[in-house]
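A.B. asks: No letters, just coordinates:
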């Protein structure tokens, strides 16, 4: 029966691929084999080379590389060029082949009931250095202080060393006075141990990660080096930090420490046994590199990956440290593609990454569909580049990201974004589940202000975005937008539970220069600062949305300009007790009308005015104060009899339950965030809100 099933599967695959020639890969294969079904090869590299040989006869002929179920541990990334076009990599859809960017560590010995030790060969470490560690699919913490929460700097100063170019010097020292607990920790270390200690900062929307250069015991000051701090986002006493990679911090189950490059210590968790623990140390930052020949105008075309799992990629802190920049735009990705077209990833998994999962540059007509992204070191997907190519045709476009699950990101670089479009146009981000990240869910645009932007006609629709922030990052949104972007639409998204550390934590955030954007038919609730916030921009239309039960306020505007900022009409705004408006909403040049407002705890106040007084400003002339009658908002049930409000304010019903992934029940169930994560998030919110009282 098994043989018949296997034959049928291969027959269907050959039919689906147009009877393309097939090369076989197996964990039990040998690279000296011919790649036939009977004599499979062992690696994707060898399979690729065999496909190239066959393509020399006819490069247009589709080729299939079928990968047998099992675990693969390549020594380097698979590189694909224009010579590899018309190639499909696939595996059994019910039992994926798994490619690991790490190596196994099997030499652990028990020192005591609470400490294990493994000797990692120095020859291995020299070529496979690692800064992350996993056991049985769980990410482990590098030894750090404190075990929970963060420290705050007592004071921060800076010494400029290099010449000033523009706004920032190219070389500077930062001096961070640390609190008493850190003084005691660092004072007990040798100079060598101090230089191996990593200090990791979260400051507003950025991360700074640096090795400590010096600790001054007299004034309790840590010194790090790099470029001059950005004037708009410096490390301050409001920033938070941890100390990492010091042996004395190895005090909590689940922590590890690598001493002198080859002695690996681990504190086992309750119930763990050496014989049943499989440790993986990632050393490859990329597993797939797709690179076309731009100079010869030969892009890589028609590559498909299907039914494959990619796991355990690495992130290595650069020698001088990790400098802050919004969204970690230059951090590596497990899959990187340059100058490519018609590339597809379908029904694949990307888990336990060191940084981002995917990055497409100078590429077009990319299809990312029904993939599972989980436990990500930074974010999920990057589209385009941060710099503008001289040839505008090289701006990334027509990337479709549909029906994917993005769970649990920002594990190494907390500023990572679920999906980010830098410079790009005509991209579709639809029906995705994005949850449990430390920063923004979806970001679109990379021009701050009103300069010309190549980002336009991007669609962000039907996504379910929730449980972001975790009181770790600030100035963030469920959906974050930048720059002039005609034709861009944000619609039918469900956004909730966005909680920043300091300010920020908005549902939909039109930041600097966001213009000509349509925001409609979105449900936004339980965000820290407001459901909608416009920093500044022009001629945006905010219509037919529901903003409900956000924590600090419901709506916010920041900059008053002489031009028309936005139109706000046909929306429902419902809340309990908190402020309706934040910022100079009453001064911003905008049109606001035909909205429904409701305060369950009393009078609706527009700043300090009731509706009649507010209407003397020519605002909300046809708006109403009325309970929309949501069925059970405390249980996230925002259904209501919309016919009354349709008549009064022109509100058109939209089905917010369709946001998120679609397909089989098993796939939709997989998108549901674990209840433990939801409870932990609620505890973080409640604890931080209690501190304000």
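C.D. replies: All right, it came through fine. Everything quoted here is computed from the prediction, not taken from an experiment.
A.B. asks: Help me confirm that residue 216 comes into contact with residue 191.
C.D. replies: No. If you go by Cβ atoms under 8 Å, residue 216 and residue 191 don't touch, sitting 11.9 Å apart. All C-beta atoms are positioned from the backbone trio N, CA, C, and that covers glycine.
A.B. asks: More neighbours: those two, which one.
C.D. replies: Using other Cβ atoms under 10 Å as the criterion, residue 216 and residue 191 rank with residue 216 on top: 12 against 9.
A.B. asks: tell me which residues form a beta bridge with that one?
C.D. replies: On the basis of DSSP bridges, residue 216 is bridged to residue 221.
A.B. asks: For residue 146, see how far away it is.
C.D. replies: 22 Å (Cβ to Cβ, to the nearest Å).
A.B. asks: Relative to the whole chain's centre, how far out is the longest helix along the chain?
C.D. replies: When the chain is parsed with DSSP state H, its longest helix is helix 675-691. Mean-position distance between helix 675-691 and its chain equals 21 Å (Cα atoms, centre = their mean, to the nearest Å).
A.B. asks: Which strands or helices does that helix pack on?
C.D. replies: strand 433-437, strand 464-468 (3 or more Cβ pairs under 8 Å, 6 or more residues apart in numbering; DSSP states H and E).
A.B. asks: Tell me which strands the last one pairs with, and in which orientation.
C.D. replies: The one in question is strand 464-468. In the sheet, strand 464-468 lines up against strand 433-437 (parallel), strand 494-498 (parallel) (DSSP bridges).
A.B. asks: Can you name every helix or strand that whichever helix or strand comes after the last one contacts?
C.D. replies: Just to be clear, that refers to strand 494-498. Where DSSP states H and E defines the elements, the next helix or strand beyond strand 494-498 is strand 506-510. The contact analysis (3+ Cβ pairs under 8 Å, 6+ apart) places strand 506-510 against strand 477-481, strand 494-498, strand 523-527, strand 530-534.
A.B. asks: Any stretches of the stretch 51-200 of the chain with poor pLDDT?
C.D. replies: 165 (pLDDT under 70).
A.B. asks: And the helices in it, which stretches?
C.D. replies: Under the criterion DSSP state H, counting those that start in this stretch, the stretch 51-200 of the chain contains helices at 122-127, 180-187, 191-196.
A.B. asks: Please identify which of these is closest to residue 474.
C.D. replies: Minimum separation from residue 474 across the helices of the stretch 51-200 of the chain (Cβ to Cβ) falls at helix 180-187, 22.4 Å.
A.B. asks: if I look at residue 432, how far off is residue 501?
C.D. replies: 25 Å.
A.B. asks: Over to residue 507?
C.D. replies: When distance is defined by Cβ to Cβ, residue 507 is 17 Å away from residue 501.
A.B. asks: Name the residue in the two with the higher neighbour count.
C.D. replies: Neighbour comparison, residue 507 and residue 501: the larger count goes to residue 507, with 33 against 24 (by other Cβ under 10 Å).
A.B. asks: Pull up the per-residue confidence for the nearest residue to the more buried one once chain neighbours are set aside.
C.D. replies: Closest residue in space to residue 507, ignoring its immediate chain neighbours: residue 524 at 3.4 Å, by Cβ to Cβ, 6 or more residues apart in numbering. In this model, residue 524 is scored at 99, pLDDT.
A.B. asks: In contact with residue 524, which residues are there?
C.D. replies: 478, 495-496, 507-508, 531-532, 545-548, 550 (Cβ atoms under 8 Å, 6 or more residues apart in numbering).
A.B. asks: likewise residue 637?
C.D. replies: 630-631.
A.B. asks: Neighbours of the closest residue to residue 370 other than its chain neighbours, how many?
C.D. replies: If the residues on either side of it in the chain are set aside, residue 370 comes closest to residue 403, at 4.8 Å by Cβ to Cβ, 6+ apart. Number of residues near residue 403 (other Cβ under 10 Å) recorded here: 21.
A.B. asks: what's the distance between residue 403 and residue 140?
C.D. replies: To residue 140, residue 403 is 31 Å away according to Cβ to Cβ.
A.B. asks: Correct me if wrong: residue 487 contacts residue 456.
C.D. replies: Yes. Proximity of residue 487 to residue 456 meets the contact threshold set by Cβ under 8 Å, at 5.1 Å.
A.B. asks: Of the two, which one has the most company?
C.D. replies: residue 456 (20 against 14).
A.B. asks: Specify the beta-bridge partners of that one.
C.D. replies: Beta-bridge partners of residue 456, as defined by DSSP bridges: residue 425.
A.B. asks: could the strands paired with strand 464-468 be laid out in a markdown table, adding mean pLDDT?
C.D. replies: Below are the strands paired with strand 464-468 laid out as a markdown table (pLDDT from 0 to 100):
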| stretch | mean pLDDT |
| --- | --- |
| strand 433-437 | 99 |
| strand 494-498 | 99 |
